[in-house]
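# structure, please.
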Amino acid sequence: MRAQPLGGSPDGTGEATDLFLKLPRNALLAVGLPAVACSLALIRWKLQGQENIFSDVDKSFYIPDPDLLWRYVDTSVFWVGLDLIILFALLGLGTLGAALLLRFLEKKRKFEVRWAHRLLWSLAAVPLVIPCWAFLSGFGPSNARLTLPQQGTTIVAAEIKGSLPSLPPGEYAVQTAHSSLIAKLHAGGDIFDARFTGINGAWRLDPQDFTQFNAAEINVRTDTIDTGIALRSKHSREFLKTQTYEKISFRLTQLTGIQQKTEHDVFISATGQLSIMGEEQEVVATGTLKALDAKGIQRLSLRGPSFLLFTTFEVDLNKTPLRSEKESFDKMVRPLQGTILFERIPKLPSTDKKKE
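Residues are numbered from 1 along each chain as shown. The predicted structure follows:
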């Protein structure tokens, strides 16, 4: 492409023949495009209400659920972070620098470099797409939550008074698809949920008489950690050394309290041994056991008697190898929330035959 004399036009009339040819002459005005993008992104960021640092192109939310209380769902909502706002501000400064340099060169050579104007305006307009995309994607499902609502600590008397008569005794296995463990973290200047899935294990108990046998062990795969941001999740796996320490384990040691809530729910308190990165500590867990009715069993695609455990307990990171990373956490005692679904393992029919 050839340059033309400064102030001229392709047809020699001294005036531009269309808007596209006229706008590039005002290279400094191109700075307004990333400025508008930055302003729109800032408005979107404030309206989101989270003031998150990192952007997320497919934000996940917690929505109310009749059985699980809160269900974790993926969406196509674009969640703007502070990182994008800073990037747009830097692009605005870069556009200003390029426009000033172009203006200096054109005055020095007394020629207008038309292709450079068009390129500058085109690049400056690109950031506008992102905040527009974010606004068009919406703000997520109605009544959704950005993080799992905190369950209050239940105070349960140290006595076993309560039962779930609809549940037969036996061994109940964890149903991985509807189970999760959530750690609420404040790290790297951001507040977020670290969500573990890949939970398995079993609980042998008699829900009709909790004074009878109780034995439970639950394992959580550490490599399933999800923080909502792919790169942050990757760093979290490295942080937890998931290739060496493949699981977090909990073993029930004592059921310390059962208190009737409703016919289908009981409050529960228990102690157990929690193993994280090869080191054990005793934890006190409280929460609720909820027996599922026929409709709940159908909604969750189960086949037999089932119950949900909603539990909260605190972990002391000083009692784990993470004590050496104390500067990465705002607090070393962190609450964990578990939602774990158990389904009764059916008994196999006896193969013994009576001899005649």
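
# doesn't N219 fall inside a strand?
Yes: checked against DSSP: H, G, I helix; E, B strand; the rest coil, N219 lies within a strand.

# that one contacts G201, correct?
Yes: contact status for N219 versus G201: in contact at 5.4 Å, counting by C-beta atoms under 8 Å. (Each C-beta comes from the backbone N, C-alpha and C, glycine too.)

# can you tell me how far the nearest residue to Q212 once chain neighbours are set aside is from A194?
Nearest in space to Q212, with sequence neighbours left out and distances taken as C-beta to C-beta, 6 or more residues apart in numbering, is D206 at 4.1 Å. The gap separating D206 from A194 is 34 Å, by C-beta to C-beta, to the nearest Å.

# where along the protein do the helices fall?
For the chain, applying DSSP state H gives helices covering 19-22, 32-48, 82-109, 114-125, 129-137, 230-240, 294-299.

# make JSON lines out of those helices and add distance to T271.
Output for those, formatted as JSON lines (distance: least, C-beta to C-beta, whole Å):
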{"stretch": "helix 19-22", "distance to T271": "73"}
{"stretch": "helix 32-48", "distance to T271": "40"}
{"stretch": "helix 82-109", "distance to T271": "42"}
{"stretch": "helix 114-125", "distance to T271": "61"}
{"stretch": "helix 129-137", "distance to T271": "46"}
{"stretch": "helix 230-240", "distance to T271": "24"}
{"stretch": "helix 294-299", "distance to T271": "29"}
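
# re the thing from before, and for N219 and G201, which residues touch both?
Each of F250 lies in contact with both N219 and G201 under the rule C-beta atoms under 8 Å, 6 or more residues apart in numbering.

# before we move on, the earlier item: ranking the helices of the chain by mean pLDDT, which is last?
Sorting the helices of the chain by mean pLDDT places helix 19-22 lowest, at a mean of 48.

# got the contact list for the closest residue in space to L82 that isn't next to it in sequence?
Nearest non-adjacent residue to L82, counting by C-beta to C-beta, 6+ apart: I53, 4.9 Å away. Contact analysis of I53 by C-beta under 8 Å, 6+ apart lists G81, L82, D83, G188, G189, D190.

# T311 too?
Counted by C-beta under 8 Å, 6+ apart, T311 has contacts I268, A285, T286, G287, T288, Q337, G338, I340.

# D206 and A194: who's more crowded?
Using other C-beta atoms under 10 Å, the more surrounded residue of D206 and A194 is A194, with 21 against 16.

# wouldn't the more buried one be in contact with S236 here?
Yes: between A194 and S236 there is a contact under C-beta under 8 Å: 6.3 Å.

# where is the longest strand in this protein?
strand 247-262 (DSSP state E).

# put the alpha carbons of it into PDB.
Presented in PDB, the C-alpha positions along strand 247-262 are these (Å, rounded to 0.1, in the frame of the first residue of the first chain):
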ATOM      1  CA  LYS A 247      -6.200 -39.200  48.500                       C
ATOM      2  CA  ILE A 248      -7.600 -37.500  51.600                       C
ATOM      3  CA  SER A 249      -9.000 -40.100  54.000                       C
ATOM      4  CA  PHE A 250     -11.500 -39.900  56.800                       C
ATOM      5  CA  ARG A 251     -12.100 -42.800  59.200                       C
ATOM      6  CA  LEU A 252     -15.000 -42.600  61.700                       C
ATOM      7  CA  THR A 253     -13.900 -43.300  65.300                       C
ATOM      8  CA  GLN A 254     -17.000 -42.500  67.300                       C
ATOM      9  CA  LEU A 255     -20.500 -41.300  66.800                       C
ATOM     10  CA  THR A 256     -20.900 -38.900  69.700                       C
ATOM     11  CA  GLY A 257     -24.400 -37.500  69.200                       C
ATOM     12  CA  ILE A 258     -27.700 -38.000  67.400                       C
ATOM     13  CA  GLN A 259     -30.600 -35.700  67.800                       C
ATOM     14  CA  GLN A 260     -34.000 -36.000  66.000                       C
ATOM     15  CA  LYS A 261     -34.800 -33.100  63.600                       C
ATOM     16  CA  THR A 262     -37.700 -34.400  61.600                       C
END
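
# buried residues, that strand. List them.
Residues K247, I248, F250, L252, L255, T256, G257, I258, Q259 are the ones in strand 247-262 that count as buried (16 or more other C-beta atoms under 10 Å).
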